[in-house]
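give the three-dimensional model of this entry:
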Amino acid sequence: MNEDFQTYKQEYDHSLSRVRSFLSSNVRSQTTLRECDRLISQARRCATAMEQIAEESGDAFQIQESKRRVQQELDPLWQEVDRAMKQKSSGDMTGVVNHQNRADLFSGYRAPNMNNDGGDDNDMEMLIRNSEDLLLESQRLCNASEETGAETLGLMGRQREQLQNASDHLAGARASLAQAKDVLKTMTRKALRNKRFLQGVVVVLVIANILVFIADVKKKLGKRKNP
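Residues are numbered from 1 along each chain as shown. Got it, this is the predicted structure:
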């Protein structure tokens, strides 16, 4: 889950960096403003996903950070983009941003040096360069995801082997238990036979003693009758 949070965090930071790069230029075209609007929406989805992950993990600090990002970072940027798009729609082509707003929006970001001449071409070139950077970043994320997937598959394979070995050991233990159970039954039957045999011997000895005693008594009585 921490890896998912970091992935959304990297995508969020990358989107905000591109938005600030576009907005910090002295010339703003409709193309760059629409791209900024798309990037802010993408960053907002990432912030929402990070907040959901933080809520699932019970991390109160990250929950507050996610809310702070929306309130202090995304909302001011979206308001600036919306204001600039309204200026473009109303025909105001100055594109001037006061210094205080620039400090609040970009927090120390240094704007690239761009001339007013050929502003749309420069914006398009910047958009292409940033798109290439985004593609490279996406490729790196895909490679990292592929490596993570391979590691996960390897781990699952090792766990499968461990489970198979445990199953084999359990089957062997069950077989040993069955053998021990058979041995105990055999020993129980033998002990029962021996017990019955001993009981029979005791009964025979008791009867024999009684017969001997009776014979001895008769013998004594016969001697008394015939002195």
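
okay, CA-based contacts and neighbour counts for the rest of this
Fine.

neighbours of Leu8, just the number please.
To be clear, residue 8 is Tyr; Leu isn't right here. 18 (other CA atoms under 10 Å).

go on, Ala171?
12.

show me the shaky parts of the protein.
Counting by pLDDT under 70, the chain contains low-confidence ranges at 1-3, 25-28, 90-131, 225-227.

sketch out the helices for it, chain order is fine.
2-23, 30-57, 60-68, 75-90, 99-106, 119-225 (DSSP state H).

helices or strands next to the last one in the packing?
Taking 3 or more CA pairs under 8 Å, 6 or more residues apart in numbering; DSSP states H and E as the contact definition, the neighbouring helices and strands of helix 119-225 are helix 30-57.

can you check the fourth one too?
Other elements packing on helix 75-90 under the criterion 3+ CA pairs under 8 Å, 6+ apart are helix 30-57.

quick check: buried residues in the helix it packs on?
Applying a neighbour-count criterion of 16 or more other CA atoms under 10 Å, one finds 32-33, 35-37, 39-40, 42-44, 46-54 buried in helix 30-57.

and the angle from it to helix 2-23?
Per axes from the mean of the first three to the mean of the last three CA atoms, to 10 degrees, the angle that helix 30-57 makes with helix 2-23 is 160 degrees.

what angle do helix 30-57 and helix 60-68 make?
Using the same axes, to 10 degrees: helix 30-57 against helix 60-68 is 160 degrees.

from the contact counts, what lies against helix 30-57?
Other helices and strands packing on helix 30-57, by 3+ CA pairs under 8 Å, 6+ apart, are helix 2-23, helix 60-68, helix 75-90, helix 119-225.

most tightly packed of those?
helix 2-23 (a mean of 18; mean count of other CA atoms under 10 Å).

centre of the chain to it, how far?
On the basis of CA atoms, centre = their mean, to the nearest Å, helix 2-23 sits 22 Å off its chain's mean C-alpha point.

taking helix 119-225 as reference, get the angle to it.
170 degrees.

who does helix 2-23 touch, helix- and strand-wise?
Counting contacts by 3+ CA pairs under 8 Å, 6+ apart, helix 2-23 is packed against helix 30-57.

so how far is the helix it packs on off the chain centroid?
A distance of 23 Å separates the centroid of the chain from that of helix 30-57, by CA atoms, centre = their mean.
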